[in-house]
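Participant: no sequence for this one, just the structure:
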């Protein structure tokens, strides 16, 4: 893989993370999951195909810019997802507790 192909893949990952952020902001977690899978595929290609020689000059600067954008998008997605995940966890825990209480005490209650 040459340096232009590497940069093109990084740019594709940046586009995908931008779409993930948009989906997260709108609460479309199914779309976030689909995009995350697509992103992971591209990252795997980068891991396996990026040349061992370091990039230099303008191409290196572009790569750094793209990585900073990807990381910023990732942080923003996490900032949106973490409170949502905490609420979901709380709901699941609450539902599980209600079910356990119902199983333990629901059957023995009379009118």
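Facilitator: That came through, no problem. Source: prediction; values computed, not measured.

Participant: going forward, measure contacts and count neighbours with C-alpha atoms only.
Facilitator: Will do.

Participant: which residue ranges form the helices in the protein?
Facilitator: All helices of the chain, identified by DSSP state H, fall at 3-25, 29-49, 57-101.

Participant: for this structure, what are the low-confidence residue spans?
Facilitator: Along the chain, the parts satisfying pLDDT under 70 run over 95-102, 106-111.

Participant: how much space between residue 3 and residue 55?
Facilitator: Remark: distance between residue 3 and residue 55 (Cα to Cα, to the nearest Å) = 7 Å.

Participant: Can you tell me the closest non-neighbouring residue to the spatially most central residue of the chain?
Facilitator: For the chain, the residue sitting closest to the mean C-alpha position, by Cα atoms, centre = their mean, is residue 36 at 5.3 Å. Distance criterion Cα to Cα, 6 or more residues apart in numbering; nearest residue to residue 36, sequence neighbours excluded, is residue 20 at 7.2 Å.

Participant: Would you mind confirming that the one you found is in contact with residue 30?
Facilitator: No. Residue 20 sits out of contact with residue 30 when judged by Cα atoms under 8 Å, with a separation of 10.1 Å.

Participant: Tell me which of those two has more neighbours.
Facilitator: Counting neighbours by other Cα atoms under 10 Å for residue 20 and for residue 30 shows that residue 20 has the greater number, 25 against 11.

Participant: gap between the more buried one and residue 79?
Facilitator: Taken as Cα to Cα, the span from residue 20 to residue 79 is 13 Å.

Participant: ok, now residue 32?
Facilitator: 14 Å.

Participant: quick one: which of these two has more around it?
Facilitator: Per other Cα under 10 Å, whichever of residue 32 and residue 79 has more neighbours is residue 32, with 21 against 12.
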